[in-house]
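[1] structure of the sequence below:
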Amino acid sequence: MAIVKNRILKGLLFLLGVLSLILAAAGVFLPILPTTPFVLLAAWCFLRSSAKTHQWIYRQRILGPILRNWEENKSISRPTKILATSMIIFSALIMWLKVTLLWIKIPVLFLLFLVILFIITRREKRLDLF
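    Prediction:
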């Protein structure tokens, strides 16, 4: 995939990538904020806006192997699946207890169920991080 030629679009994609990476980092500590989709979005934004930053994110000790595993095999390691599913269930429980409006709870729970279904149906490949 080629880098975008339009400078404005290139800049916007780069900023979206940085914002996605910040949200992914926050998602490590906040159970209701997903990490993986933001990392994948950041990698895609950097792929389209900055070859240097795209290479940097792939060189990271933890993010690099996960991104390569997804890019090459469309697979998610079992520990990552377990962690992601556990955090989604934990987030759903917190949301169920804190949100009083049923018309918000039901669609969000359905969406979270679809995300879990997507995660658990991906192929597994062992991932060596260290």
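[2] what does the lengthiest helix in the chain contact?
    The helix that spans the most residues within the chain, counting by DSSP state H, is helix 7-29. Helix 7-29 has contacts (CB atoms under 8 Å, 6 or more residues apart in numbering) with 3-4, 33-36, 38-39, 41-46, 48-50, 53, 57. No exception for glycine: its C-beta is placed from N, CA and C like everyone else's.
[3] list only buried entries from the residues you listed.
    Neighbour-count burial (16 or more other CB atoms under 10 Å) is assigned, among the contacts of helix 7-29, to 4, 33-36, 38-39, 41-46, 48-50, 53, 57.
[4] in helices only, show me the residues you listed.
    Cross-referencing the buried ones among the contacts of helix 7-29 against helices under DSSP H gives 36, 38-39, 41-46, 48-49, 53, 57.
[5] buried stuff in the lowest-mean-pLDDT helix or strand in the chain?
    The weakest-scoring helix or strand in the chain, judged by mean pLDDT, DSSP states H and E, is helix 63-73 (a mean of 83). By 16+ other CB under 10 Å, the buried positions in helix 63-73 come out as 63-67, 69-70.
[6] which residues are contacting stretch 101-116?
    The contact list for stretch 101-116 (CB under 8 Å, 6+ apart) reads 34, 85, 88-89, 91-92, 95-96, 99.
[7] now, the most widely separated pair of those?
    The span of the contacts of stretch 101-116, defined through CB to CB, is set by 85 and 99 at 20.7 Å.
[8] show me which of these two is the more surrounded one.
    Between residue 85 and residue 99, counting by other CB atoms under 10 Å, residue 85 is the more crowded of the two (15 against 12).
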